[in-house]
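Peer 1: here is the input, now give the coordinates:
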Amino acid sequence: MFNELKNNIRTLALPIAKNIPISPNVLTVIGLGISFLAAIEFATGDLIMGAAYIMISGIFDVLDGAVARVSGMITPFGGVLDSVCDRYADAIIFAGIIYGSITGVIHQPTFLQAPLWLLCIIALIGSYMVSYTRARAEAAGSSSMNVGIAERSERMIILVLGAFSSQIMVAVALIAILTHVTLLQRIWKAKQTL
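Peer 2: As a prediction, this is how the structure comes out:
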């Protein structure tokens, strides 16, 4: 959804990336580590710090690609590592929210009679299926599958805004819905291009 904005941010990151003496793969792993910190904060009920760590992790997610581009270190393995770390980050962040909801440190008014932990599971399934559909369609020969209203960056923005506004339940419910809409959009595009 924010493809043009994402491309502009990536372009702005290139001059900064020239001065970073760390390999892109190390930056990717550091970003994953910061996602673990976000999960810990969510698990203890600190939504603001959880959101802050997601934002910091996002900076590393931008920088790893920028460093790879400016240093000529774009590799197939780097792309695989980045995708795997993104999936781990998604899972661990939602696991932290689930833990916080089950222990009661995250306040959770009912949303359509669904508990927060269940909405997190639905959102996580949707997130994984969005990624899987893209990978599977592109492997089958489809053109770029960067389509849909809730790609990973949009999902993280929704989660950050929900945490900062103490509306984490609404944010997770929105992600749960939008990921499945995005999944359908990608299936439709795959049908058209394959």
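Peer 1: poorly predicted segments of the protein, please.
Peer 2: For the chain, the stretches with pLDDT under 70 are 1-7, 109-112.
Peer 1: can you give me the helices in it?
Peer 2: 3-17, 24-43, 47-71, 76-103, 116-139, 152-164, 168-193 (DSSP state H).
Peer 1: rebuild those as a markdown table, extending it with mean neighbour count and distance to residue 145.
Peer 2: Quick note: C-beta positions are derived from backbone N, CA and C, even for glycine. Output for the helices of the chain, formatted as a markdown table (neighbours: other CB atoms under 10 Å; distance: least, CB to CB, whole Å):
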| stretch | mean neighbour count | distance to residue 145 |
| --- | --- | --- |
| helix 3-17 | 13 | 12 |
| helix 24-43 | 21 | 21 |
| helix 47-71 | 20 | 18 |
| helix 76-103 | 18 | 13 |
| helix 116-139 | 19 | 4 |
| helix 152-164 | 20 | 13 |
| helix 168-193 | 19 | 6 |
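Peer 1: now these as JSON lines including distance to residue 146?
Peer 2: Converted to JSON lines, the helices of the chain look like this (distance: least, CB to CB, whole Å):
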{"stretch": "helix 3-17", "distance to residue 146": "6"}
{"stretch": "helix 24-43", "distance to residue 146": "19"}
{"stretch": "helix 47-71", "distance to residue 146": "14"}
{"stretch": "helix 76-103", "distance to residue 146": "13"}
{"stretch": "helix 116-139", "distance to residue 146": "8"}
{"stretch": "helix 152-164", "distance to residue 146": "11"}
{"stretch": "helix 168-193", "distance to residue 146": "9"}
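Peer 1: how close does the spatially most central residue of the chain sit to residue 94?
Peer 2: Nearest residue to the geometric centre of the chain (CA atoms, centre = their mean): residue 152, 3.8 Å. Residue 152 is 13 Å from residue 94, where distance means CB to CB, to the nearest Å.
Peer 1: likewise residue 11?
Peer 2: 31 Å.
Peer 1: need the nearest residue in space to residue 186, chain neighbours excluded.
Peer 2: residue 133 (4.4 Å; CB to CB, 6 or more residues apart in numbering).
Peer 1: that neighbour contacts residue 183, doesn't it?
Peer 2: Yes. Counting by CB atoms under 8 Å, residue 183 is a contact partner of residue 133 at 5.8 Å.
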